[in-house]
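Trainee: No letters, just coordinates:
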């Protein structure tokens, strides 16, 4: 999961939305979605200094569901019971397995 605070800090420092999206690995539309409340509030890049704690407080008001970690952790216990099965599956996937899946297996 992307740290939303990181998006705000870098945007506020002057990075473009496109550069931000590429560097954090999310779509530009996602970056726009998270930055929309700041822009609607009149916040623009290059303003008075703001700390990560300042941003965290604003983000909590704009996106309360992101701050309450309990909302995201409800399923961890459900997933945890399948941990060994998932690890076994991940252990069987190799580069050649992925290549066969993507391009079709070719006998060599």
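Mentor: Ah, there it is. Just so you know, these numbers come straight off a predicted model, no measurement behind them.
Trainee: Can you check the pLDDT for residue 80?
Mentor: In this prediction, residue 80 carries a pLDDT score of 79.
Trainee: I'd like to know how many residues surround residue 54.
Mentor: Neighbours of residue 54 under the rule other Cβ atoms under 10 Å: 15. Quick note: C-beta positions are derived from backbone N, CA and C, even for glycine.
Trainee: what about it, helix or strand, and which?
Mentor: helix 52-62 (DSSP states H and E).
Trainee: If you count contacts, what does that helix end up packed against?
Mentor: helix 4-12, helix 28-40, helix 64-67 (3 or more Cβ pairs under 8 Å, 6 or more residues apart in numbering; DSSP states H and E).
Trainee: Go ahead and confirm residue 45 touches residue 9.
Mentor: No - look at residue 45 against residue 9 with Cβ atoms under 8 Å: they stay out of range, at 10.6 Å.
Trainee: which residues sit against the helix holding residue 54?
Mentor: 4, 5, 8, 9, 12, 37, 38, 41, 66, 67 (Cβ atoms under 8 Å, 6 or more residues apart in numbering).
Trainee: where does the chain dip in pLDDT?
Mentor: Within the chain, the stretches with pLDDT under 70 are 1-2, 67-76, 93-108.
Trainee: Pick the most deeply packed of the helices and strands packed on helix 52-62.
Mentor: helix 4-12 (a mean of 20; mean count of other Cβ atoms under 10 Å).
Trainee: and the next element down the chain from it?
Mentor: Defined by DSSP H and E, the subsequent element after helix 4-12 is helix 17-24.
Trainee: Counting by contacts, list what that following helix packs against.
Mentor: helix 4-12, helix 28-40.
Trainee: what inclination does that helix have with respect to helix 4-12?
Mentor: Computed by axes from the mean of the first three to the mean of the last three Cα atoms, to 10 degrees, the angle separating helix 17-24 from helix 4-12 equals 140 degrees.
Trainee: Just the buried positions in helix 17-24, please.
Mentor: For helix 17-24, the neighbour count (16 or more other Cβ atoms under 10 Å) marks 17, 20, 21 as buried.
Trainee: can you state the direction angle for it and helix 28-40?
Mentor: 120 degrees.
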